[in-house]
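1. quick one, what's the 3D model for this:
(chains A and B)
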Amino acid sequence: MTTESVVELGRGWPGWVPRLVLMLSGLGAAGVLLLDPRVNGIALGFLIAFALVVPWVPATPAPAILIGGIAVAVAAGNGDVLRPEVLAEIPLLHLVHVSASFGALVPVRAVIRPGAFARPLRRFVVVQAVTFAVAGVAALLPTGRNPTVVEFAGLVASTGLVGVAIWLVARRR
Amino acid sequence: MTRAGARVRAWQEQRGALARQAWRATDALRRGLVLGVALVVGGVLLHSLAPVLLGAPLLASSALSLLIPVGGQPRTTIRPLPRTVETGQRARLLVDVEPGDGAELVAIRLPSPHRSGVGPVHVVPATATTLATNLRWDAWGEHAELRPDLMVAGPDGLLAYGPMVGDEARRAVLPQVRPLPPGPLPPRSAGLVGAHRSRRAGDGIDLRNIRPYQPGDRLRRVDWRTTLRAGSRAVDADDVLNTLYVRERHAEADADIIIALDSRVDVNDKLGDWSLGEPGFVRPNGTLNTSVHAATALAASYLRQGDRVGFVDLGRPQFSLPSGAGRRHLMRLRHRMLVCAQNAGWAPRPVLRAEQVPPGAVVIVLSPFLDDAVVGQTLLAVRRGSVVLAVDVLPADLVPDPENRWGDAVRQVITGEHEIRLAALRGGGVPVVSWLDGVEVVAMLRRLAAPGRRLAGRR
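-> Predicted structure coming up:
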């Protein structure tokens, strides 16, 4: 037994911290839509209200509805593909997803040792770095009509991705 | 619920329990995969980069999490703790955790170092193999102190094992011993050892008398100074032998004390709370708590000086304990009081039989004296010839129920009846004292043991 492996229980963050992060990131993600004047006010109000409700029910489909709704609202907007609201939503929606998964597991009255989230945090940073790298590459690529082969490859890859996802979900059930 | 419905529910619960004992995907994994794939594929099909960029992190983090293999059965091992502990005692609790392969987070319910009880859920990294906390036992009794509910989460909380409800560990916390200044008790000559001075002559320390020599006296008992002083007046040799003087000493004797505890009632100073008691629950400032602490203190004090102490539960006579001496007997008494407190409850007829009280023993009745039956039993013990001391443990200032308009009237009735009962005890020759840290009780026992007092049942 090494000294590092012994954890002294007692102090730590309260168990509602993941839910607070979920609420703040959800509100942030919904609030970013204010930058886009074309977003419907009622839809925006609905998303903000949903972002306030989600922390109380993180283990339900509510986070998925929030993420999906915001993603659709962003995708429906016109303008530059890499406009600021899109770049802001990338980490925020990811944070909603991750904090909702931890909020669903950790009881509100739990005591969280700060080091507990070190590995998920590292993974979050790596995933975001890769995503922004992809966004950077996409910004450099020429726009216009794709060759037929690329379109076909894209469709096959998409179909394969769906198949793999269904297989993974079914295997872990 | 119908019988068929109950069977379906039981089957569902069994199925759920089995599912919790294996690694399973959480809703977050389905959400990440479904939303990630939908956004990426939708973006590709619509030739829109924004949905792809929004869905990519969800898909990537889910895929990364699935690349890490998880497996094994998480286990916890609690290092042994003492079986019996004292109130106020502390101990170090070490729990070894084997979270299984690929685990990232461990959520386990363990006691908090600042509070007693099973404690909150602690979320720690799965790299921790040993969890340490300090246990503290503040209240005596038998409590659930440990229930290590366990859940282990895989990467990003997308896979989970559990939650599994831990086995509840209960521990006997003995009432604290608050020693009193031990006082003299009316001695009885059953044994020739003890801390009390008997009236009989014997081999003790205290000087009883100086008297002329008698056949059978030991020579070392001869008081030569007195003999010489008296021998100077002798006229012949025979007269010298007749004038030998010996020092006579008091014998030593032990004493019996019988502690009679009224476990039938447990009330505190708030009249409104009297009807809210639960079986097995001892009120922190209630009469049962006071009685147990008083009994422990008295027993410890008198056992320490070599006396014999017996225990009688007035409500549950089967839990009574015959007289005994020594440290082990004190432990036995404290354990027995724990059992009595767990089984405490109202019984209409208190029991204090003659065979439970040895001849010449002092009986100390610890009770709030809230019914006539306990007064009757106490007076009956006096009539049998025992020396009886009544210790009233009812709080001095009762607080009426504020939610009841008759609260104050009820308080006055209870207080008045209580006073009448105490007066009846005094009238029957039973000294009545309140338990105020035992000072009054010890003083009264000293008075009972005074040489001039005529004590019934004393040899």
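2. please enumerate the helices of the stretch 101-250 of chain B.
-> For the stretch 101-250 of chain B, applying DSSP state H, counting those that start in this stretch gives helices covering B:224-231, B:237-242.
3. least confident of the ones you listed, on average?
-> Lowest mean pLDDT within these: helix B:237-242, a mean of 62.
4. what about the closest residue to residue B:316 other than its chain neighbours, neighbour count?
-> With C-beta to C-beta, 6 or more residues apart in numbering or on different chains as the measure, residue B:343 is the residue that lies nearest to residue B:316, at 5.7 Å, once sequence neighbours are left out. The C-beta positions use only the backbone N, C-alpha and C, and glycine is treated the same way. Neighbour count for residue B:343, taken as other C-beta atoms under 10 Å in any protein chain shown: 15.
5. residue B:400 versus residue B:343, what's the distance?
-> 30 Å (C-beta to C-beta, to the nearest Å).
6. which bits of the stretch 101-250 of chain B sit near chain A?
-> Of all the residues in the stretch 101-250 of chain B, those in contact range of chain A (C-beta under 8 Å from any C-beta of the partner chain) are B:104-105, B:107, B:110, B:112-114, B:120-125, B:127-133, B:151, B:153, B:155-160.
7. neighbours of residue B:247, just the number please.
-> 15.
8. so what pLDDT did it get?
-> pLDDT, residue B:247: 84.
9. one more: residue B:74?
-> 88.
10. next, it: phi, psi?
-> For residue B:74, the backbone dihedrals (degrees, to the nearest 10) come out as phi -60, psi 140.
11. my guess is it contacts residue B:161. True?
-> Yes - using C-beta atoms under 8 Å, residue B:74 is in contact with residue B:161, at 5.4 Å.
12. so between these two, which is more surrounded?
-> Set side by side, residue B:74 and residue B:161 show more neighbours around residue B:161, with 24 against 21, by other C-beta under 10 Å.
13. OK, now which residue of the stretch 151-300 of chain B is nearest to chain A?
-> Nearest residue of the stretch 151-300 of chain B to chain A (C-beta to the nearest C-beta) works out as residue B:157 at 4.0 Å.
14. now the helices for chain A?
-> All helices of chain A, identified by DSSP state H, fall at A:17-32, A:41-53, A:62-76, A:84-105, A:118-140, A:148-172.
15. make a markdown table out of these and add mean neighbour count.
-> Below are those laid out as a markdown table (neighbours: other C-beta atoms under 10 Å in any protein chain shown):
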| stretch | mean neighbour count |
| --- | --- |
| helix A:17-32 | 22 |
| helix A:41-53 | 15 |
| helix A:62-76 | 21 |
| helix A:84-105 | 24 |
| helix A:118-140 | 15 |
| helix A:148-172 | 13 |
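16. check the ones you listed for me: which has the lowest mean pLDDT.
-> Looking at the helices of chain A, the bottom one is helix A:148-172 with a mean of 75.
17. which other helices and strands does that helix contact?
-> Here helix A:148-172 touches strand B:23-25, helix B:27-46, helix B:49-67, going by 3 or more C-beta pairs under 8 Å, 6 or more residues apart in numbering or on different chains; DSSP states H and E.
18. tell me which of these is the most buried.
-> helix B:49-67 (a mean of 23; mean count of other C-beta atoms under 10 Å in any protein chain shown).
19. before we move on, the earlier item: show me the common contact partners of residue B:74 and residue B:161, please.
-> Residues touching both residue B:74 and residue B:161 (C-beta atoms under 8 Å, 6 or more residues apart in numbering or on different chains) are B:100, B:103, B:152.
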